[in-house]
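[1] structure for this input, please:
(chains A and B)
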2 protein chains.
Amino acid sequence: MEERSQLEKLMKVSELKEPKPTILKVGGSVITDKNKELDAKTQVMNRLAEEIQQAKIENLVVVHGGGGFGHPTAQKYNIKAGLKEENQKVGFAETHHIMTMLNGLFMDAFMWHKIPAVSVTPSSCIITENGRIQYFEYTLMKMLLQMDFLPVLYGDAVLDTKLGFTILSGDQLISRLAVGLNAERIIVGVDVDGLYNCDPKAEKNAKLFAHLTLEELKKLQKKTVKPTACDVTGGMFGKIAELIPAIEHGISAKIVNATKPNHIYKVLKGEDVQGTLIEKE
Amino acid sequence: MEERSQLEKLMKVSELKEPKPTILKVGGSVITDKNKELDAKTQVMNRLAEEIQQAKIENLVVVHGGGGFGHPTAQKYNIKAGLKEENQKVGFAETHHIMTMLNGLFMDAFMWHKIPAVSVTPSSCIITENGRIQYFEYTLMKMLLQMDFLPVLYGDAVLDTKLGFTILSGDQLISRLAVGLNAERIIVGVDVDGLYNCDPKAEKNAKLFAHLTLEELKKLQKKTVKPTACDVTGGMFGKIAELIPAIEHGISAKIVNATKPNHIYKVLKGEDVQGTLIEKE
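    Below is the predicted model of the structure:
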């Protein structure tokens, strides 16, 4: 019996505590070169693993995007739109394979830092309906968190009850995980300093939002439905809009530049970092 | 509506056919050097992918073992016995990571052969209880088979409700998959010609069983419980004993030598190959 209770202590199941995790998204543009195929930034992965290790925070979930790994293959075979032709099946297989390969490189960096990180393969445990998560069993994720593992997920090619298959973005995943796991906060690491009123890569005078309420975010969303010369915020708005359900749930989201050393470390530690904080009120 | 029915046709969901798959196990000793760490036999993986592609059989599930990848790390941290010390957590993470890496190499061979193979990560969808599969949702596997994908699984480090975590062998996996998916047959590819009365690597006069009934297999099991000088059949018997529930279910199992070219091709095609056939009666 003693061994059992030691196990329970290790698993922390007996404490029955709500994990209240932090969900950290690492954009595909941070860990790959989005404009080149299969160009992984392993040095960046290594630095991020080090920052995560140094921050020593409990209850962390990492989700990363596909960048130059997942996107070109998914686009080539039009995987997001669903199954229409036989030859797309090989494309689905390739998209999933290439995402597991990118994930493997990131996991390597975690292993070198002796972080107990465990990859959780979205396509092995999630089924979508018309592109939205329909089936996702959270027990396994909760067990991993209670045992102090760091679950790592990623955007993936997944089965879909209506479309046959589709692409599940890391952005939808973080929002659903945040609500499903009753997260404390979301951190979104991207390759710019936060959310701007214009694409900061195209427009010199783009203004960074330091703080947005849910209401302000929704107003911004309405504005971007009718495109103007200066509205798409570098394509980032569509990603951020995925966060709305989580923010409505009272979970804050901070968008920071993960390409800048120590920004992820600081935001994990709760220190002041440049970026955009989005809160319900 | 027309597109929907085309999708249903592609998914074959409307036909509601039982997949009746073939479950093919590829032993870790076939695709790795069991006596060296991290020595993957990529040429063998490539040949097997070619044989599978050439055989063109529908409804196939592949499960592979860990060999020189999974076993050394799992042993080093004593993962199978469950969570007892904090430092095992990194060992659990490493064991899972290294198995996904081995799987990735095998998946690469499938991709090069344009086989729509999709890896299904056991630790992302299976939870065991005292080392036996307790939770496994088959819907995803059935969807993959109905859509003519080739699911590929592997021995993995998994969470366990009693032990914290443990090792799930590919052998337990094939037996459970065979029963859960109502399989037609099981094929077990190993590095010897079948099941012998002695270890064929140690004993020159070892005799190959060409055919065994369930009753004969159980008699053999009783014999091996009391070890004699010549009984352990090269450690293979424990693996084969896992198959008993599937054979009781009426599913046949054929053990063949997967290191010999074309043996897997022939057995997939139903052609005559040297090996051990185990049937209920």
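
[2] packing partners for the strand or helix carrying residue A:24?
    Assigned by DSSP states H and E, residue A:24 falls within strand A:22-26. Where contact means 3 or more Cβ pairs under 8 Å, 6 or more residues apart in numbering or on different chains; DSSP states H and E, strand A:22-26 is packed against strand A:60-64, helix A:170-180, strand A:185-190, helix A:263-269. The C-beta positions use only the backbone N, C-alpha and C, and glycine is treated the same way.

[3] those: which one's closest to residue B:146?
    helix A:170-180 (24.9 Å; Cβ to Cβ).

[4] before we move on, the earlier item: in a markdown table: the helices and strands packed on strand A:22-26, plus distance to residue B:92 and mean neighbour count.
    What follows is these, written out as a markdown table (distance: least, Cβ to Cβ, whole Å; neighbours: other Cβ atoms under 10 Å in any protein chain shown):
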| stretch | distance to residue B:92 | mean neighbour count |
| --- | --- | --- |
| strand A:60-64 | 17 | 26 |
| helix A:170-180 | 21 | 23 |
| strand A:185-190 | 26 | 25 |
| helix A:263-269 | 23 | 21 |
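
[5] dump those into CSV; add distance to residue A:102 as well.
    As requested, these are arranged in CSV below (distance: least, Cβ to Cβ, whole Å):
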stretch, distance to residue A:102
strand A:60-64, 8
helix A:170-180, 11
strand A:185-190, 16
helix A:263-269, 18
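
[6] relative to residue B:144, which of these is closest?
    Of the helices and strands packed on strand A:22-26, nearest to residue B:144 by Cβ to Cβ is helix A:170-180, at 20.3 Å.

[7] distance between stretch A:140-154 and the chain's centre?
    The chain centre lies 14 Å from the centre of stretch A:140-154; the measure is Cα atoms, centre = their mean, to the nearest Å.

[8] now that stretch: mean pLDDT?
    Mean pLDDT, stretch A:140-154: 96.

[9] how long is that stretch end to end?
    16 Å (Cα to Cα, to the nearest Å).

[10] give me the below-cutoff pLDDT ranges for the stretch 151-281 of chain A.
    Applying pLDDT under 70 to the stretch 151-281 of chain A flags residues A:224-235.

[11] what ranges do the helices span in it?
    A:170-180, A:214-225, A:236-241, A:244-248, A:263-269 (DSSP state H, counting those that start in this stretch).

[12] how about these in CSV, adding distance to residue B:190?
    Output for the helices of the stretch 151-281 of chain A, formatted as CSV (distance: least, Cβ to Cβ, whole Å):
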stretch, distance to residue B:190
helix A:170-180, 39
helix A:214-225, 58
helix A:236-241, 48
helix A:244-248, 49
helix A:263-269, 47
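
[13] who wins for proximity to chain B among those?
    For the helices of the stretch 151-281 of chain A, proximity to chain B was assessed by Cβ to the nearest Cβ; helix A:170-180 is nearest, at 13.3 Å.

[14] so is that closest one next to chain B?
    No: Helix A:170-180 stays clear of chain B (Cβ under 8 Å from any Cβ of the partner chain), getting no nearer than 13.3 Å.

[15] circling back: which of the helices and strands packed on strand A:22-26 sits closest to residue A:146?
    strand A:60-64 (12.6 Å).

[16] show me what that closest one is packed against.
    Looks like strand A:60-64 contacts strand A:22-26, helix A:88-112, strand A:150-154, helix A:170-180 (3+ Cβ pairs under 8 Å, 6+ apart).

[17] what's the neighbour count on residue A:272?
    For residue A:272, the count of nearby residues is 7 (other Cβ atoms under 10 Å in any protein chain shown).

[18] next one: it from chain B, what distance?
    Separation of residue A:272 from chain B (Cβ to the nearest Cβ, to the nearest Å): 32 Å.

[19] not counting sequence-adjacent ones, nearest residue to residue A:245?
    The spatially closest residue to residue A:245, leaving aside those adjacent along the chain, is residue A:175, at 5.5 Å (Cβ to Cβ, 6 or more residues apart in numbering or on different chains).

[20] wait, the one you found sits on residue A:239?
    No: if you go by Cβ atoms under 8 Å, residue A:175 and residue A:239 don't touch, sitting 10.0 Å apart.

[21] average model confidence for the helix or strand just after the strand holding residue A:24?
    Toward the C-terminal end, the helix or strand that comes next after strand A:22-26 (DSSP H and E) is helix A:28-31. With pLDDT averaged residue by residue, helix A:28-31 scores 96.

[22] what residues does the stretch 101-250 of chain A have near chain B?
    Counting by Cβ under 8 Å from any Cβ, the stretch 101-250 of chain A sits next to chain B at A:101, A:104, A:107-108, A:110-111, A:114-121, A:123-125, A:127, A:135, A:137, A:139-140, A:143-144, A:147-149, A:159, A:162-165.

[23] quick check on those residues: which are buried?
    A:101, A:104, A:107-108, A:110-111, A:115-121, A:123-125, A:127, A:140, A:143-144, A:147-149, A:159, A:163-165 (16 or more other Cβ atoms under 10 Å in any protein chain shown).

[24] centre of the chain to stretch A:161-169, how far?
    Here stretch A:161-169 shows a centroid-to-chain-centroid distance of 18 Å under the convention Cα atoms, centre = their mean.

[25] residues making contact with that stretch?
    With contact meaning Cβ atoms under 8 Å, 6 or more residues apart in numbering or on different chains, stretch A:161-169 is reached by A:65, A:70, A:74, A:79-83, A:92, A:95, A:122-123, A:126-131, A:133-134, A:155-160, A:239, A:242, B:7, B:10-11, B:147.

[26] which of those fall in strands?
    Mapping those onto strands (DSSP state E) picks out A:126-129, A:133-134, A:156-160.

[27] just give me the neighbour total for residue A:95.
    29.

[28] what is the residue lying closest to it once chain neighbours are set aside paired to in the beta sheet?
    Spatial nearest neighbour of residue A:95, excluding adjacent residues (Cβ to Cβ, 6+ apart): residue A:157 at 4.1 Å. Residue A:157 has these beta-bridge partners by DSSP bridges: residue A:167.

[29] looks like residue A:157 contacts residue A:99 (just checking).
    Yes: Residue A:157 sits in contact with residue A:99 when judged by Cβ under 8 Å, with a separation of 7.0 Å.

[30] any residues in contact with both of these two?
    residue A:70.
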